[in-house]
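[1] Could you work out the structure for the sequence below:
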Amino acid sequence: MVEDLRNYQAELEVQNKALRYSQVAAEGASERFVTLFSNVPLALMVVDEQGLVLESNAMALRLFRPLEYDPPLNFLLPLVSPDQVDKVAEAFLCAKETGTSETTEVVFSSGSSGTFTGDLHIARIENAQDELAHFICAIIDQGPLLNERRALLTSTSALLDRNEELNLSKNRLASIINSSLDAIICVDQAHCITIFNPSAAALFQCTPAEALGSPLMRFMPDAVQTLSYAQLTTHAQLGEMTALTAGGNPIAIEASVSFEHHPDGDTITIFARDLTARKKIEAHRNALESQLRESHKMQAVGTMAGGIAHDFNNIISAILGNVDLAKQDAGEASPALVSLNEIDKAGRRARDLVRQILTFSRNESPQRIPIHLADVVEETVHLLKVALPPLVDMVVTLDPDTPPVLADATQVEQALLNLCTNAIQAIGDQRGTVTIELGHNLQLGLGASERRSGARGPHVKLSVRDTGSGIDSDTLQRVFEPFFTTKPVGQGTGLGLAVVHGIMRTHLGTVDVQSTPATGSVFTLYFPADGEMTLPAPVELAKPKVVNGNGQRVMYVDDDEALVFLVDRALTRKGFLVTTFSDPRLAVESLRAHPLDYDLVVTDYNMPGYSGIELLRAARTIRPDLPVALASGYVTPEIEQSALSEGARALIHKPNDVDEMCETLQRLLASGHAPP
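    Residues are numbered from 1 along each chain as shown. Reported below is the predicted structural model:
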């Protein structure tokens with residue numbers, strides 16, 4: 001029995017030794033698994049079938065909880081996008097039954113960093129200690145792959161677009177060649193024709209099928225002799241030469257040649273033009289010389305308008321500003337208030353008229369809106385009757401059913417004023433009548449439409465008829481030319497009817513004149529009409545904002561003494577502290593000596609010897625944060641772009657009233673955060 005016990009003890013010691021070996025091996029495997037689980041560059045988690053995260057490695061924490069203050073990683077399903085929770089749950093059920101499962105492009109929450117897209121791989125692992133199934137989940141971040149996919153899609157789209165552009169370019173080139181009015185012939189190095197466009201076929205009286213492959217000598221023998229010499233350049237004028245048609249008939253042409261050098265061979269392109277067409281063009285050019293002279297005169301009008309705009313706008317600004325101050329001094333009960341209001345209306349009308357003339361001289365499109373011409377006629381008649389001579393009667397006939405037209409009321413009023421003024425002057429000291437008629441539903445015929453620059457369809461007709469001296473046939477041909485006038489020196493500029501003609505052209509309409517000497521004249525304006533056009537709803541004009549300063553310090557610079565005096569008084573009354581200069585150099589010296597004494601600088605753009613842009617640059621150098629506004633009566637797009645690019649905060653269009661200027665100053669002071 002003792003021997004059996006010893007044998008049994010020896011057997012137990014062997015089994016314990018094997019068990020200890022197995023335990024050491026298991027512990028080593030566990031350590032290796034833990035090391036692999038923790039350090040593998042893949043997000044791994046151990047999750048039970050209820051979604052509880054039992055273990056997670058560093059990569060998983062980096063994906064799901066990248067920041068320290070993010071909540072702990074406890075459950076997986078709440079991190080899945082709500083619209084994909086069911087899909088992930090089904091994947092876990094499938095893994096529980098089959099052992100493995102996977103789902104792609106799942107959107108996961110990544111704590112405070114947003115979301116990321118990844119593929120989820122699930123594998124069931126054995127779990128003897130718990131009845132719940134356990135799974136090991138691997139999440140592969142697909143963000144870089146998706147970015148590459150998007151980049152490939154973008155690149156593919158760009159290549160497709162590029163191919164489409166190349167095809168369009170090829171088709172466009174073929175279309176240009178085929179639609180060119182010049183004969184285009186391409187030849188290879190052997191001077192055999194490779195391209196023969198339709199214009200070449202018409203010029204040389206040969207179909208492209210017959211011409212392709214033929215030698216250039218067949219049609220242009222003189223050109224072949226000069227090609228070798230001309231190849232020294234990329235483009236050369238061959239000049240006038242004699243070519244041959246397919247039937248051998250000579251034709252006079254003007255030719256030029258272009259050379260394109262390519263590694264696989266040079267391409268020679270010859271352009272030929274029939275001199276017969278050139279002569280027709282020259283004849284047509286002679287017919288257009290009068291229009292060219294008119295265009296030059298209109299350019300002179302624009303130059304003249306820009307030259308006088310500065311001084312004239314300063315005068316209007318002084319008038320409007322002083323009227324505004326006078327109205328404040330007079331009070332509401334003053335009998336002079338009526339006259340001051342009329343002066344204010346006239347000044348504002350002059351201001352709008354100057355702006356309209358400048359717009360017209362710059363050839364800008366008018367602001368056309370649906371209006372009733374009857375309203376414009378009534379307003380114009382009200383102005384004319386004030387200065388109507390006693391021997392002249394004015395008769396107005398308005399059709400109440402006249403439809404609205406697209407027009408600029410200010411320009412139409414100017415055109416009507418010009419026509420009525422000419423009519424009154426044509427009557428002179430005799431008794432006569434000026435009749436204004438407004439009608440509609442005029443269907444222009446073919447002949448009339450040709451005389452009226454192609455105007456067709458229903459039109460609204462506005463005519464001015466007078467019983468004056470009339471116009472003879474020679475003068476009638478030139479009445480719309482700029483600067484042409486039959487009046488004595490000092491009594492007319494010759495611009496009235498030219499302006500009327502330009503206004504109607506910008507309104508897509510036309511003007512017609514009929515006159516007989518000693519009988520009178522009829523000038524008719526035709527506006528395109530649309531019976532379905534509706535007038536916009538009337539907009540209630542906002543009341544001008546009352547602006548009062550609070551001691552803000554304003555420097556005002558202008559070479560016009562009257563305007564400087566006005567602005568000083570006006571802004572001082574509004575509560576601003578104003579320092580004025582008529583010499584911009586003195587203003588710069590004051591700003592350099594006391595840069596912090598000013599909250600805003602307003603300077604004129606056009607000053608002799610020193611422009612507003614130069615003052616703006618000096619102010620920006622002395623104090624970059626100081627708001628500077630430029631004022632000008634002739635603001636072109638070039639002036640505006642130059643001012644804004646130099647750092648101007650605003651561009652003030654002269655003339656303007658005191659309230660407009662104060663509102664602009666207050667806006668600039670508020671935006672610049674200037675101290676009160």
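[2] helices and strands of the protein: which one bottoms out on pLDDT?
    helix 446-451 (a mean of 36; mean pLDDT, DSSP states H and E).
[3] Please identify the buried residues of the next helix or strand after that one?
    Following helix 446-451 in sequence order, the next helix or strand is strand 457-466 (DSSP states H and E). Neighbour counts over strand 457-466 (16 or more other C-beta atoms under 10 Å) mark 459-466 as buried. Heads up, the C-betas are built off the backbone N, CA and C, glycines and all.
[4] same check, this time on stretch 133-148
    Result for stretch 133-148 [16+ other C-beta under 10 Å]: buried residues 133-139, 141-142.
[5] Out of these, name the ones that lie in strands.
    In this view, those that belong to strands under DSSP state E are 134-139, 141.
[6] sorry, back to before: tabulate the buried residues of strand 457-466 in JSON lines, adding columns for distance to Phe75 and pLDDT.
    Converted to JSON lines, these look like this (distance: C-beta to C-beta, whole Å; pLDDT from 0 to 100):
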{"residue": "His459", "distance to Phe75": "79", "pLDDT": "86"}
{"residue": "Val460", "distance to Phe75": "77", "pLDDT": "90"}
{"residue": "Lys461", "distance to Phe75": "83", "pLDDT": "91"}
{"residue": "Leu462", "distance to Phe75": "82", "pLDDT": "92"}
{"residue": "Ser463", "distance to Phe75": "87", "pLDDT": "93"}
{"residue": "Val464", "distance to Phe75": "88", "pLDDT": "93"}
{"residue": "Arg465", "distance to Phe75": "93", "pLDDT": "92"}
{"residue": "Asp466", "distance to Phe75": "95", "pLDDT": "91"}
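[7] Now for Asp274, how many residues are close by?
    19 (other C-beta atoms under 10 Å).
[8] For the stretch 451-600 of the chain, give me the ranges with low pLDDT.
    For the stretch 451-600 of the chain, the stretches flagged by pLDDT under 70 are 451-456, 477-478, 481-496, 530-547.
[9] ok, which stretches of it are strands?
    With DSSP state E, counting those that start in this stretch as the criterion, the stretch 451-600 of the chain has strands at 457-466, 510-516, 520-528, 553-557, 577-581, 600-604.
[10] so which of the ones you listed comes closest to Phe259?
    Phe259 lies closest to strand 510-516 among these, at 49.2 Å (C-beta to C-beta).
[11] Which among the strands of the stretch 451-600 of the chain is found nearest to Ala123?
    The nearest among the strands of the stretch 451-600 of the chain, by C-beta to C-beta, is strand 600-604 at 74.3 Å.
[12] Quickly run through the sheet partners of the closest one, with directions.
    Sheet pairing for strand 600-604, assigned by DSSP bridges, gives strand 553-557 (parallel), strand 628-632 (parallel).
[13] As a markdown table, the ones you listed with mean neighbour count would be great.
    Formatted as a markdown table, those follow (neighbours: other C-beta atoms under 10 Å):
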| stretch | mean neighbour count |
| --- | --- |
| strand 553-557 | 25 |
| strand 628-632 | 25 |
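[14] Which among those strands is found nearest to Ile185?
    strand 628-632 (55.4 Å).
[15] what comes into contact with the closest one?
    310, 558, 600-606, 612-613, 615-616, 619-620, 639, 643, 647-654, 664-665, 668 (C-beta atoms under 8 Å, 6 or more residues apart in numbering).
[16] which among those end up buried?
    310, 558, 600-606, 612-613, 615-616, 619, 639, 643, 648-654, 664-665, 668.
[17] Which of those fall in strands?
    600-604, 650-653.
[18] between those, which is nearest Cys192?
    Cys192 has its nearest neighbour among these in Leu651, at 63.3 Å by C-beta to C-beta.
[19] Give me the local confidence score for the closest one.
    pLDDT, Leu651: 82.
[20] Then Met304?
    In this prediction, Met304 has a pLDDT value of 67.
[21] same question, Glu663
    Per-residue confidence (pLDDT) for Glu663: 79.
[22] any idea how far it is from Thr621?
    Per C-beta to C-beta, to the nearest Å, Glu663 is found 29 Å from Thr621.
[23] Of those two, which one has the most company?
    Neighbour count, other C-beta under 10 Å: between Glu663 and Thr621, Glu663 has more, with 16 against 11.
[24] Need the distance between the two termini of stretch 241-252.
    End-to-end distance of stretch 241-252: 6 Å, with C-alpha to C-alpha, to the nearest Å as the criterion.
[25] from the chain's centre, how far out does that stretch sit?
    Relative to its chain's centre, stretch 241-252 lies at 51 Å (C-alpha atoms, centre = their mean, to the nearest Å).
[26] and that stretch, which residues are buried?
    In stretch 241-252, counting by 16+ other C-beta under 10 Å, buried: 241, 243-244, 251.
[27] Then stretch 319-329?
    319-327.
[28] want to try JSON lines for those residues, with pLDDT and secondary structure as columns?
    Output for these, formatted as JSON lines (pLDDT from 0 to 100; DSSP: H, G, I helix; E, B strand; the rest coil):
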{"residue": "Ile319", "pLDDT": "83", "secondary structure": "helix"}
{"residue": "Leu320", "pLDDT": "78", "secondary structure": "helix"}
{"residue": "Gly321", "pLDDT": "76", "secondary structure": "helix"}
{"residue": "Asn322", "pLDDT": "82", "secondary structure": "helix"}
{"residue": "Val323", "pLDDT": "81", "secondary structure": "helix"}
{"residue": "Asp324", "pLDDT": "78", "secondary structure": "helix"}
{"residue": "Leu325", "pLDDT": "78", "secondary structure": "helix"}
{"residue": "Ala326", "pLDDT": "82", "secondary structure": "helix"}
{"residue": "Lys327", "pLDDT": "78", "secondary structure": "helix"}
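[29] Turn those into TSV, including distance to Glu97.
    Listed next are those as TSV, based on distance: C-beta to C-beta, whole Å:
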residue	distance to Glu97
Ile319	95
Leu320	90
Gly321	91
Asn322	96
Val323	95
Asp324	91
Leu325	94
Ala326	98
Lys327	94
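[30] With respect to Ser521, which of these is nearest?
    Ser521 lies nearest to Ile319 out of the buried residues of stretch 319-329, by C-beta to C-beta, at 35.1 Å.
[31] The closest one touches Leu340, doesn't it?
    No: the criterion here is C-beta atoms under 8 Å, and Ile319 misses it with Leu340 at 10.9 Å.
[32] Going by neighbour count, which residues of stretch 217-229 are buried?
    218-220, 222-223, 226-227.
[33] who touches it?
    185, 191, 204, 206, 211, 216, 238, 241-246, 253, 255, 257, 268, 270, 272.
[34] Swap in 7 Å and give it another go.
    191, 204, 216, 238, 241-244, 255, 257, 268, 270 (C-beta atoms under 7 Å, 6 or more residues apart in numbering).
[35] out of those residues, which are inside helices?
    Phe204 (DSSP state H).
[36] Of the contacts of stretch 217-229, which is the nearest to Thr433?
    Ala255 (65.2 Å).
[37] Pick the one among the ones in strands among the buried residues of stretch 133-148 closest to Ser180.
    Asp141 (58.6 Å).
[38] what number of residues lie near Gln666?
    Residues lying near Gln666 (other C-beta under 10 Å) number 19.
[39] Next one: it relative to Met45, how far apart?
    The gap separating Gln666 from Met45 is 64 Å, by C-beta to C-beta.
[40] Am I right that Ala318 is in contact with Val564?
    No: using C-beta atoms under 7 Å as the test, Ala318 is too far from Val564 to be in contact (9.7 Å).
[41] who touches Ile315 in this structure?
    Ile315 sits in contact with no residue, where contact means C-beta under 7 Å, 6+ apart.
[42] how about it, secondary structure?
    Look at Ile315: counting by DSSP: H, G, I helix; E, B strand; the rest coil, its state is helix.
[43] Quick check: pLDDT value at it.
    On the pLDDT scale, Ile315 gets 78.
[44] same question, Phe108
    Looking at Phe108, the pLDDT reads 89.
[45] Kindly state the neighbouring-residue count (a burial measure) for Asp161.
    By other C-beta under 10 Å, 10 other residues sit near Asp161.
[46] Great, nothing more from me.
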